[in-house]
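Novice: Here is a sequence with its predicted model. Questions after.
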Amino acid sequence: TEEYGLLDSGETQNITHMELASLVLAYSFDHYLEDGGRLSFVMPRGLYSGTHHKQLRAFDFDFDGDGHWTYLWDLEYVTPLFNNLSCVLAAEKTESDSYPLDGCEYEGSLPQVNASLDTAREYLEAEETTYYLNEFSDSSVIMDRELDPEIIRSASPYQDRIQQGCNVIPRSTWFVDFEVHPSFGIDAEEPLVRSSSRARDRAREPWDIIDINGQIESQFVWNVVTGSELAYFGTLEFPTAVLPIEISGNSYYLHDEESAQQNGYQHLAEWISEADEVFEEHKPEDRSQDVLEWLNWQQKLTDKQDPNAEYRVLQNSSGDYVCGAVVETSEVNEIEVNDTSIESQRNNNDDVPLIVDHKCYHYETDSRDEAYYLCGFLNAPAIRDLIYDMINRGQFAGRDIHKRVWEVYIPEYNPDDPLHREIRNTALEATEQAEELIPELAEEYSLGWVRRKQRHEMEPIRSELSELCVEALEEVNPEQTSLSDH
């Protein structure tokens, strides 16, 4: 990856998302083609918009000689095919422009896997198209239309302030269930915990068999939000995790085994030791980090989460739809087991902070008005429509949203702008609706169905938000709402 410059030097956060297919394509083009030679590769469809494919999309990687893309086939709507959505990308080792790029979109249902060419021709329809590379502020997207540069001239001022949560993974080493003694109940200061059954049930091999258990000092048990608790305008119950951190001003101090022992946290030291041993035994061969380095990758836990922030705006990182919620730190419930309160760490306001996992993006603020204003944009259907072409799509639906929302110029909250205040008020009203709706739905449905039911039940107020948000976007850039034009 480094040799071929497939990632910008400032994009090391994307190294974990890199596809082997990209490296093999670049290597093959460099080593196996003579001048004038051609090749074509089946590639993941994430090529169209994935941030880790930015250099490849632009044919901006290091090799000897000249080259350009020659055609692109979209296979998104061909079934059955591969486990992941795919495309075919072709290149030639000659000097020419890659864009506009000839393309073809295939669609149809094949009678069987590995159908013959003659059968595929019979069952598939093909529509020729032309692809363009549209450059946004920090990324690019291959689209079947060329956007006016005025539409995508700059990202939201919030883009650089939105942070991804930390890697509370492997789940089975950190997330826990409480074990209650049948006679003595629960120790509020040193409760007995073990690896979460939910985490193990959802884990892939070998993490599904990990089972760490023992007592833990109560101040190291935390509420954590992952993407699996985030609904529209609200959240489900937060899971709990053992995390070796202590509040230190407006950040967190991360204990290792040695510092835990030196500070008298024997249970924590034992937990870290076992978690690290399990991680070293089962982690991928190409991962150099230990369990604590991975937990705090890029300091997303210690330096990029403020325990004293009064409001956190949460956004899902993946899925077919964008959703968001505001968590008011003062409203985060204490951790309780059988009516016994676990003695958790508290911030400067005597509140219990919430830890944000990497499956959520978050924005911290002490302004209630700003928080609900942004929540309004995240839950407005129009915003999802605007970024639809930018979302990597998986086999069943949308997959990677990440910070695409903030490629749209969502203006900074202005308390003197009556439109901004109206978006805030409407989001607050929608939050009140969600507070009544989510608990009822969660008793009967999984998260996916909770969100689906919310889209139906809350359609009127979300549509109202869309109209307000579009109006606010057009105040700062009348052209950008044409992003969704097809």
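Specialist: Everything's here; your move. Everything quoted here is computed from the prediction, not taken from an experiment.

Novice: Am I right that residue 421 is in a helix?
Specialist: Yes. Residue 421 forms part of a helix when assessed by DSSP: H, G, I helix; E, B strand; the rest coil.

Novice: shouldn't it be in contact with residue 413?
Specialist: No. Using Cβ atoms under 8 Å, residue 421 is not in contact with residue 413; the gap is 9.3 Å. Quick note: C-beta positions are derived from backbone N, CA and C, even for glycine.

Novice: Give me the helices and strands touching the helix or strand where residue 294 lies, please.
Specialist: Using DSSP states H and E, residue 294 maps to helix 291-295. Applying 3 or more Cβ pairs under 8 Å, 6 or more residues apart in numbering; DSSP states H and E, one finds that helix 291-295 makes contact with helix 266-282.

Novice: From residue 341, how far off is the spatially closest residue to residue 342 that is not a sequence neighbour?
Specialist: Using Cβ to Cβ, 6 or more residues apart in numbering and skipping the chain neighbours, the partner closest in space to residue 342 is residue 335 (4.2 Å). Here the criterion is Cβ to Cβ, to the nearest Å. By it, residue 335 lies 7 Å from residue 341.

Novice: Ok, residue 173 next?
Specialist: Residue 173 is 25 Å from residue 341, by Cβ to Cβ.

Novice: Between those two, point out the one with more neighbours.
Specialist: residue 173 (28 against 13; other Cβ atoms under 10 Å).

Novice: Wasn't the more buried one part of a strand?
Specialist: No. Using three-state DSSP, the assignment for residue 173 is helix, not a strand.

Novice: Tell me who's in contact with it.
Specialist: 195, 207, 210, 212, 275, 278-279, 291 (Cβ atoms under 8 Å, 6 or more residues apart in numbering).

Novice: Swap in 10 Å and give it another go.
Specialist: By Cβ atoms under 10 Å, 6 or more residues apart in numbering, the contact set of residue 173 is 195-196, 199, 207, 210, 212, 241-242, 271-272, 274-279, 282, 291, 294-295.

Novice: Ok, residue 237 next?
Specialist: Neighbouring residues of residue 237 by Cβ under 10 Å, 6+ apart: 223, 229, 333, 439, 442.

Novice: measure the spatially closest residue to the last one that is not a sequence neighbour to residue 338 for me?
Specialist: Pointing back at residue 442 there. Leaving aside its chain neighbours, residue 442 sits nearest to residue 236 (5.3 Å; criterion: Cβ to Cβ, 6+ apart). From residue 236 across to residue 338, the span is 20 Å (Cβ to Cβ).

Novice: Neighbour count for these two, which is higher?
Specialist: Counted by other Cβ under 10 Å, residue 236 and residue 338 do not tie: residue 236 has more neighbours, with 16 against 8.

Novice: Wait, the more buried one touches residue 435, no?
Specialist: No. Using Cβ atoms under 10 Å, residue 236 is not in contact with residue 435; the gap is 12.0 Å.

Novice: all helices for the stretch 1-150 of the chain, in order.
Specialist: Here the stretch 1-150 of the chain has its helices, by DSSP state H, counting those that start in this stretch, at 20-32, 54-57, 117-123.

Novice: what's near enough to touch residue 78?
Specialist: By Cβ under 10 Å, 6+ apart, residue 78 lies in contact with 85-86, 105-110, 120, 123-125.

Novice: Please repeat the previous calculation with a cut-off of 7 Å.
Specialist: For residue 78, the contact set (Cβ atoms under 7 Å, 6 or more residues apart in numbering) comprises 106-108, 124.

Novice: Turn the residues you listed into JSON lines, including neighbour count.
Specialist: Output for these, formatted as JSON lines (neighbours: other Cβ atoms under 10 Å):
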{"residue": "106", "neighbour count": "18"}
{"residue": "107", "neighbour count": "15"}
{"residue": "108", "neighbour count": "13"}
{"residue": "124", "neighbour count": "16"}
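
Novice: Quick check: the residue lying farthest from the centre of the chain vs residue 336, distance?
Specialist: No residue in the chain sits farther from the centre than residue 183, which is 43.0 Å out by Cα atoms, centre = their mean. According to Cβ to Cβ, residue 183 stands 20 Å off from residue 336.

Novice: Ok, residue 260 next?
Specialist: Distance of residue 260 to residue 336, given as Cβ to Cβ: 25 Å.

Novice: Excluding chain neighbours, what is closest to residue 64?
Specialist: The spatial neighbour of residue 64 that comes closest, neighbours along the chain excluded (Cβ to Cβ, 6+ apart), is residue 30 at 6.5 Å.

Novice: ok, the one you found to residue 357 distance?
Specialist: Residue 30 is 39 Å from residue 357, by Cβ to Cβ.

Novice: of the two, who's got more company?
Specialist: Remark: of residue 30 and residue 357, residue 357 carries more neighbours, 26 against 17, as counted by other Cβ under 10 Å.

Novice: Buried residues, the helix or strand that residue 193 is a member of. List them.
Specialist: Assigned by DSSP H and E, residue 193 falls within strand 192-195. Of the residues in strand 192-195, 192-193, 195 count as buried by neighbour count, 16 or more other Cβ atoms under 10 Å.

Novice: can you count the residues close to the closest residue to residue 84 other than its chain neighbours?
Specialist: With sequence-adjacent residues excluded and distances taken as Cβ to Cβ, 6+ apart, residue 84 is closest to residue 44, at 5.5 Å. Using other Cβ under 10 Å, residue 44 has 19 neighbouring residues.

Novice: unless I'm mixing things up, residue 44 is touching residue 21, no?
Specialist: Yes. Between residue 44 and residue 21 there is a contact under Cβ atoms under 7 Å: 6.3 Å.

Novice: Confirm residue 223 sits in a helix?
Specialist: No. Under three-state DSSP, residue 223 falls outside any helix and is assigned strand.

Novice: Which residue comes closest to it once chain neighbours are left out?
Specialist: Once flanking residues are discounted, residue 223 sits nearest to residue 238: 4.3 Å by Cβ to Cβ, 6+ apart.

Novice: roughly how far apart are that neighbour and residue 168?
Specialist: For residue 238 relative to residue 168 (Cβ to Cβ), the value is 12 Å.
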